[in-house]
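> here are the coordinates; sequence isn't available:
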């Protein structure tokens, strides 16, 4: 982050920035972060926020990015399914495929089985158990150090 007013430069860890914004209940949208991050030195909001890559080769970065994209797309499918599970049957091939994609990233398959069971039995229940299972999956992925998109946290 570079302040245009006082020229101060501050480097944030991505996870630290996400936790701080979530704690202060601020938007996780990248445009809101880029234009609304205040300078810690002079409190001005005229700042420029850029991502800074660290010492990895292009093939390594592409491999990490593709794994993160695949995992987060699977989470998007599960998130959609968990929100619809109360009203309709979401135990469909797309949900099963998303669970299989996430299997290598979780230490055991228990949470995935829990999600499937909650999706099967959660129809008509007011507090959708699939939503809670989705939160557990996201928590385990974050705890394991995987790059989970901010909107799932």
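Looks like it arrived, so ask away. This structure is a prediction, so every number in the text was calculated from the model and none was measured. Numbering: from 1, shown residues only.

> hey, let's count contacts and neighbours off CA atoms from now on
Fine.

> where in this protein is pLDDT low?
52-57 (pLDDT under 70).

> for it, what spans make up the helices?
Using DSSP state H, the helices of the chain run over 14-23, 30-36, 58-84, 93-102, 110-121, 129-143.

> So for residue 49, which of these sits nearest?
Nearest of these to residue 49, taken as CA to CA: helix 30-36 at 5.0 Å.

> where's the closest one relative to the chain centroid, distance-wise?
The chain centroid and the centroid of helix 30-36 are separated by 17 Å under CA atoms, centre = their mean, to the nearest Å.

> Buried residues of it, list them for me.
In terms of neighbour count (16 or more other CA atoms under 10 Å), helix 30-36 has its buried residues at 33, 34, 36.

> Against residue 44, how distant is the last one?
Right, residue 36. Look at residue 36 and residue 44: by CA to CA, to the nearest Å, they are 10 Å apart.

> cool, the second one as well?
Distance from residue 34 to residue 44, counting by CA to CA: 13 Å.

> and the helices of the chain as JSON lines, adding distance to residue 149?
JSON lines is the format used below for the helices of the chain (distance: least, CA to CA, whole Å):
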{"stretch": "helix 14-23", "distance to residue 149": "10"}
{"stretch": "helix 30-36", "distance to residue 149": "11"}
{"stretch": "helix 58-84", "distance to residue 149": "7"}
{"stretch": "helix 93-102", "distance to residue 149": "14"}
{"stretch": "helix 110-121", "distance to residue 149": "19"}
{"stretch": "helix 129-143", "distance to residue 149": "10"}
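
> Relative to residue 3, which of those is closest?
helix 30-36 (11.0 Å).
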